[in-house]
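Q: next come a sequence and a model predicted from it.
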Amino acid sequence: MTDTPPPLPPFNDDGYRTEEPAITFTIDRVVVARKNEIYRAWIDPELFQRWIVPPGQELVSLSAEPSGETVWRTKGGTDEEPITYVLAPQTLDAYSAMEIQFYTSAVPGMMGEHPVYLYLDLDKHKWEGKTTSTGYKLRILYHSTTLWRYTSRVDLHTFWLEATERLTRLVERSSILRETTA
């Protein structure tokens with residue numbers, strides 16, 4: 001008997017778009033960096049690859065398409081085949097917000113049909129009239145409880161939580177705000 005679930009059922013186009021998402025997971029951080037430094041780490045392929053790949057995984061390939069879509073593949077020691085991940089931006093508000101569809105081949109039937117929606121919000125934090133940090137909020141929205149159960153099997157919400165920690169360390173180390181608040 002295999003531990004792999006059957007592929008996800010076909011996506012119902014009326015589902016997520018006409019009603020509230022079934023499950024939302026939010027990661028909220030205050031990052032000692034400017035909004036543009038965090039935003040750049042999401043859209044610059046050189047920076048992106050430095051925080052998105054988990055420890056113990058090897059980056060097999062990374063491509064950034066002119067449309068803004070980013071596709072990367074990783075392989076761990078126990079993986080038979082590389083795992084594919086896709087970020088497909090839907091709307092961008094430069095330096096403030098992004099709405100992205102996310103897919104992974106780690107979940108059977110998810111690629112290209114069952115997106116997890118990522119919403120990134122960046123807000124300035126000021127203290128004594130100076131910008132001191134950025135409020136970073138990443139909301140992860142699952143259009144159905146079935147998708148939540150399937151992505152939970154590969155611990156997808158923990159993937160994004162740990163990626164946020166790596167992103168935070170990366171941008172804070174090189175941020176010009178670090179020098180002004182130290």
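A: The structure has been received and is ready for your questions.
Q: so where's this structure shaky on pLDDT?
A: Counting by pLDDT under 70, the ranges of the chain that qualify are 1-4, 10-21, 179-182.
Q: let's go with 80 and repeat that
A: Along the chain, segments meeting pLDDT under 80 span 1-22, 126-131, 178-182.
Q: now name the helix or strand holding the residue nearest to the spatial centre of it.
A: What sits nearest the mean C-alpha location of the chain, by CA atoms, centre = their mean, is residue 160, with 5.6 Å. Using DSSP states H and E, residue 160 sits within helix 156-174.
Q: mind listing the strands for this structure?
A: 23-31, 57-64, 70-76, 83-93, 97-104, 116-127, 130-142 (DSSP state E).
Q: against which helices or strands is the shortest one packed?
A: Identification of packing neighbours for strand 70-76 by 3 or more CB pairs under 8 Å, 6 or more residues apart in numbering; DSSP states H and E yields helix 45-52, strand 57-64, strand 83-93. Just so you know, the C-beta spots here come from the backbone N, C-alpha and C atoms, and that holds for glycine as well.
Q: contacting residues around it?
A: 45, 48-49, 52-54, 56-65, 81-87 (CB atoms under 8 Å, 6 or more residues apart in numbering).
Q: would you mind getting the angle between that strand and strand 57-64?
A: 170 degrees (axes from the mean of the first three to the mean of the last three CA atoms, to 10 degrees).
Q: same thing with the fourth one?
A: Relative orientation of strand 83-93 and strand 57-64, computed by the same axes, to 10 degrees: 40 degrees.
Q: direction included, what does strand 83-93 pair up with?
A: The pairing partners recorded for strand 83-93 under DSSP bridges are strand 70-76 (antiparallel), strand 97-104 (antiparallel).
Q: what's the closest of those strands to residue 167?
A: strand 97-104 (13.1 Å; CB to CB).
Q: give me the residues contacting the closest one.
A: With contacts defined as CB under 8 Å, 6+ apart, strand 97-104 is touched by 39, 42, 83-92, 110-112, 114-122, 154, 156.
Q: which members of those are classed as buried?
A: 39, 42, 83-89, 92, 110-111, 114-122, 156 (16 or more other CB atoms under 10 Å).
Q: ok, the residue lying closest to the residue nearest to the centre of the chain once chain neighbours are set aside to residue 151 distance?
A: Spatial nearest neighbour of residue 160, chain neighbours left out: residue 140 (5.8 Å); criterion: CB to CB, 6 or more residues apart in numbering. Here residue 140 is placed at a distance of 9 Å from residue 151 (CB to CB, to the nearest Å).
Q: residues shared between the contacts of these two?
A: Shared contacts of residue 140 and residue 151, defined by CB under 8 Å, 6+ apart, comprise 116, 157.
Q: what's the closest of the strands of the chain to residue 171?
A: Of all the strands of the chain, strand 23-31 sits nearest to residue 171, with 6.3 Å by CB to CB.
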